[in-house]
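Novice: have a look; sequence and predicted model below, questions after that.
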Amino acid sequence: MLFTLCCEEEAMPLPYLGFHAVFTLPVLLLLWYLTPTYDATRRRRGALGLAILVAIAFTYTTPWGSYMITTGVWRYGEGVVTASLLSIPAGEYLFFGIQSLTVGFYLYWRGFDPSYEQGDFALAPRIAGVVAGVTLFGGGLWMALQRSSWLYLGGLLAWVGPVVALQWAVGGGYLVRRPRAWIEASLVPTIYLWLIDRWAIGQGLWILSEQYTTGIAPFGLPIEEILFFLSAGVMTVTGLVLFEWVLDWNDQRTVASGS
């Protein structure tokens with residue numbers, strides 16, 4: 001039996017691409033319009049960082065998403081999907097890029113300081129982050145291999161773990177020193193994505209399997225979906241701030257070696 005919330009049995013769900021046209025693309029365009037004009041260097045670095053993160057989102061998420069769909073963790077409503085590749089709908093691929101750009105533009109709209117400071121390579125937060133990432137990966141993989149109601153949650157944790165370990169291994173000290181920007185930029189867009197995801201589930205655009213989910217659903221939104229959107233936002237934002245932070249560290253090192 002599959003879990004879904006449908007308001008009317010006779011109603012045809014909104015196509016996936018139509019969902020983007022109504023709910024995600026207008027917000028993305030608004031944030032792009034509101035993003036302030038930075039100096040030339042920050043603009044180049046920001047654009048490059050966003051391009052890299054979008055490419056990583058497609059590359060890293062596609063195998064995971066394809067496995068989850070083919071395994072039956074979730075499926076799509078009748079008439080929602082117009083085209084797909086590797087079992088992933090075109091609208092889902094579009095979501096990879098839209099979410100990355102949405103949280104990225106929000107980050108640049110609210111602003112952040114990527115400056116490197118002494119102590120940013122402190123070992124304690126970096127080691128803690130690596131331990132957390134390895135634990136997420138190992139625990140999530142074990143949960144997923146049970147092929148039970150923990151499959152979605154376990155697969156999600158295993159997907160997140162390596163990224164957490166890598167990012168914190170590089171810049172855990174900086175992330176601890178300047179947490180406000182990346183936490184806010186991760187959370188605020190994610191709240192909106194939670195709302196529209198809840199609506200989409202209610203309308204039957206995508207349907208989660210009861211067999212492979214925990215059934216925990218605060219306010220009707222499955223906990224797995226809550227954690228997916230939050231973790232994807234966090235990984236994107238921390239990736240962007242660390243990208244510019246590493247470049248600033250390299251700038252300072254180059255100046256110091258030349259003086």
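Specialist: All right, it came through fine. Residues are numbered from 1 along each chain as shown.

Novice: in this protein, which spans are helices?
Specialist: For the chain, the helices defined by DSSP state H occupy 16-19, 25-34, 40-71, 90-110, 123-145, 151-177, 179-202, 223-258.

Novice: ok, which of those helices comes nearest G79?
Specialist: helix 16-19 (9.7 Å; C-beta to C-beta). C-beta: built from backbone N, CA, C; applies to glycine.

Novice: residues making contact with the closest one?
Specialist: Applying C-beta atoms under 8 Å, 6 or more residues apart in numbering, the external contacts of helix 16-19 come out as Y76, V80, V81, T82, P89, A90, G91, E92, L94, I196, A200, L205.

Novice: ok, the fourth one touching H20?
Specialist: No - between T82 and H20 there is no contact under C-beta atoms under 8 Å: 11.6 Å.

Novice: and those two? Which one has more around it.
Specialist: Remark: of T82 and H20, H20 carries more neighbours, 18 against 12, as counted by other C-beta atoms under 10 Å.

Novice: residue contacts, that one?
Specialist: Residues in contact with H20 (C-beta under 8 Å, 6+ apart) are G91, L94, F95, I98.

Novice: distance of it relative to I191?
Specialist: Distance, H20 to I191, using C-beta to C-beta, to the nearest Å: 18 Å.

Novice: hmm, who's touching stretch 246-259?
Specialist: The contact list for stretch 246-259 (C-beta under 8 Å, 6+ apart) reads R45, P114, S115, Y116, D120, V170, G171.

Novice: weed out the non-buried ones from the residues you listed.
Specialist: Among the contacts of stretch 246-259, the ones that count as buried by 16 or more other C-beta atoms under 10 Å are R45, P114, Y116, D120, V170, G171.

Novice: as JSON lines, those with distance to F229 and pLDDT would be great.
Specialist: Listed next are these as JSON lines, based on distance: C-beta to C-beta, whole Å; pLDDT from 0 to 100:
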{"residue": "R45", "distance to F229": "26", "pLDDT": "97"}
{"residue": "P114", "distance to F229": "25", "pLDDT": "97"}
{"residue": "Y116", "distance to F229": "30", "pLDDT": "98"}
{"residue": "D120", "distance to F229": "29", "pLDDT": "97"}
{"residue": "V170", "distance to F229": "24", "pLDDT": "98"}
{"residue": "G171", "distance to F229": "23", "pLDDT": "98"}
